[in-house]
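# okay, predicted coordinates and the sequence, questions at the end:
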Amino acid sequence: MITLLLLLIAYLLGSIPSGLWIGKLFFHKNLRDFGSGNTGTTNTFRILGKKAGSVVFAVDLLKGTLATLLPAMLGLHTFSPALFGLFAVLGHTFSIFDHFHGGKAVATTAGLILGYNPVFVLFLLVIFAITLYLFSMVSLSSVIAAIVAAISVLIMPAFHVIFGSYDWLFTIIILFLVGFIVIRHRENLARIHAKSENIVSFGRNLTHQKHNI
């Protein structure tokens, strides 16, 4: 019963639509009506600015982290803590407070990984930053970091790099979330192919996309 209750709490925690609520409360804007229509970090940066985007990123990240840490905080060790982080990600992407809409799962998945293995999330952050510098696209950087995460959880534990051993439930969850993240970015990938994806104002833009954020 306690496990089911914590999973519900994790889902509700993840369901907090920080971008949507901040936009409505402080900017009188519904993010669904602007830009990509997404309520996640990138669209918040684009529509509401750096401060709001930073707050939304922090909240969405911490939702995944707190949910992942919930069982340890209560002394529950029945399942991998990643399971609780997964429910937060599902809440983030299918929010009960936003008609089961939400973000693209990147920030909250990063929060899950932060709660599970902080060193691993730092490694993925380096991958994200390098990709962002080379290609100037948050979307592509997110997808590349996700794919690297999938490969890493399959290989690294075998060599005791970052991970001491395999946690197969964590591995399965990460593989699922990586596939989910890629699918959620399919429109971005199509725009990248068409050379029309939004780019940030720094970096090399090696694929010569046309649109600036």
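Thanks, I have the structure now. Since we're looking at a predicted model, the values are computed, not measured. Numbers count the residues shown, from 1 in each chain.
# just the buried positions in stretch 12-30, please.
Counting neighbours by 16 or more other Cβ atoms under 10 Å, one finds that the buried residues in stretch 12-30 are 12, 13, 14, 15, 16, 17, 18, 19, 20, 21, 22, 23. Every residue, glycine included, has its C-beta placed from N, CA and C.
# now swap in stretch 173-192 and tell me
Of the residues in stretch 173-192, 173, 174, 177, 178, 180, 181, 182, 184, 185, 188, 191, 192 count as buried by neighbour count, 16+ other Cβ under 10 Å.
# of all the residues you listed, which comes closest to residue 130?
Nearest to residue 130, judged by Cβ to Cβ, of these is residue 192 at 17.1 Å.
# can I get the CA coordinates of the helix or strand containing that closest one in CSV?
The secondary structure element spanning residue 192 is helix 186-193 (assigned by DSSP states H and E). Backbone C-alpha positions of helix 186-193 (Å, rounded to 0.1, in the frame of the first residue of the first chain) are rendered in CSV as follows:
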residue,chain,number,x,y,z
ARG,A,186,10.0,13.8,-33.9
GLU,A,187,8.7,17.2,-35.1
ASN,A,188,12.0,18.8,-34.1
LEU,A,189,13.9,16.1,-36.0
ALA,A,190,11.8,16.7,-39.1
ARG,A,191,12.6,20.4,-38.8
ILE,A,192,16.3,19.7,-38.4
HIS,A,193,16.1,17.6,-41.6
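# starting at the chain centroid, how far to it?
Mean C-alpha position of helix 186-193 versus that of the full chain (Cα atoms, centre = their mean, to the nearest Å) differs by 18 Å.
# what's it packed up against?
helix 138-155 (3 or more Cβ pairs under 8 Å, 6 or more residues apart in numbering; DSSP states H and E).
# what residues of the helix it packs on count as buried?
Of all the residues in helix 138-155, those buried under the rule 16+ other Cβ under 10 Å are 138-146, 148-150, 152-153.
# which one among the residues you listed gets closest to residue 42?
Residue 42 has its nearest neighbour among the buried residues of helix 138-155 in residue 138, at 5.0 Å by Cβ to Cβ.
# contact partners for the closest one?
Going by Cβ atoms under 8 Å, 6 or more residues apart in numbering, residue 138 touches 42, 132, 198, 200.
# give me the pLDDT for the first one.
Note on residue 42: pLDDT of 89.
# and the gap between the residue nearest to residue 76 when sequence neighbours are not counted and residue 84?
Take residue 76 and drop its neighbours on the chain: the residue closest to it by Cβ to Cβ, 6 or more residues apart in numbering is residue 2, 6.3 Å away. Residue 2 sits at a distance of 12 Å from residue 84 (criterion: Cβ to Cβ, to the nearest Å).
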